[in-house]
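Novice: Build the 3D model from these lines:
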Amino acid sequence: MSPGIEALITKAKDSLAAAQILIKDGYYDFAASRGYYAMFYVASALLANLGLSYSTHAAVISAFGREFAKTEKLDPKFHRWLIDAQDLRNVGDYGVGSQVPKEYAETVCDWAVQFIKAAEVLLQSRR
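Specialist: The predicted model follows:
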């Protein structure tokens, strides 16, 4: 694994750890955001492993769907989860008057855990 890809996986794990702390402390909006970013970094790492890089969240999500979900290199559920997590991140970061419920923040973190594990298995198999 290249240093850049390894750095993105580390950043994903750090974001997940931060999200878990935020949940414990009752900051569900921000936990959902950090959980999304954990998944976003994983998607970016997987795309970088293919030599692909994008400058927007929408482009990363779209490319991840094209390269990994449609080809079934990874279970398509990860693409759906990435989209849903981004929606919750938008509520958490930009929603005024609406909040991310605790259960949703926890769900995003669960998705991130599974996404990180699946990515690590895939990246190890491609060495």
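
Novice: show me the contacts for V60.
Specialist: Contacts for V60 (C-beta atoms under 8 Å, 6 or more residues apart in numbering) come out as 40, 43-44, 47, 54. Yep, even glycine has a C-beta here, placed from its N, CA and C like the rest.

Novice: The protein: helices as residue ranges?
Specialist: Along the chain, counting by DSSP state H, helices occupy 3-24, 28-49, 57-64, 77-94, 102-125.

Novice: For the shortest one, buried residues please.
Specialist: Think helix 57-64. Neighbour-count burial for helix 57-64 flags 57, 60-61, 63-64 (criterion: 16 or more other C-beta atoms under 10 Å).

Novice: How far off centre is that helix?
Specialist: Taking C-alpha atoms, centre = their mean, to the nearest Å, one finds helix 57-64 lying 11 Å from the centre of the chain it belongs to.

Novice: Contact partners for the residue nearest to the spatial centre of the chain?
Specialist: The centre of the chain sits closest to M39, judged by C-alpha atoms, centre = their mean, with a distance of 0.7 Å. M39 is in contact with 12, 78, 81-82, 85, 108, 111-112, 115, counting by C-beta under 8 Å, 6+ apart.

Novice: who wins for most neighbours among the residues you listed?
Specialist: V108 (30 neighbours; other C-beta atoms under 10 Å).
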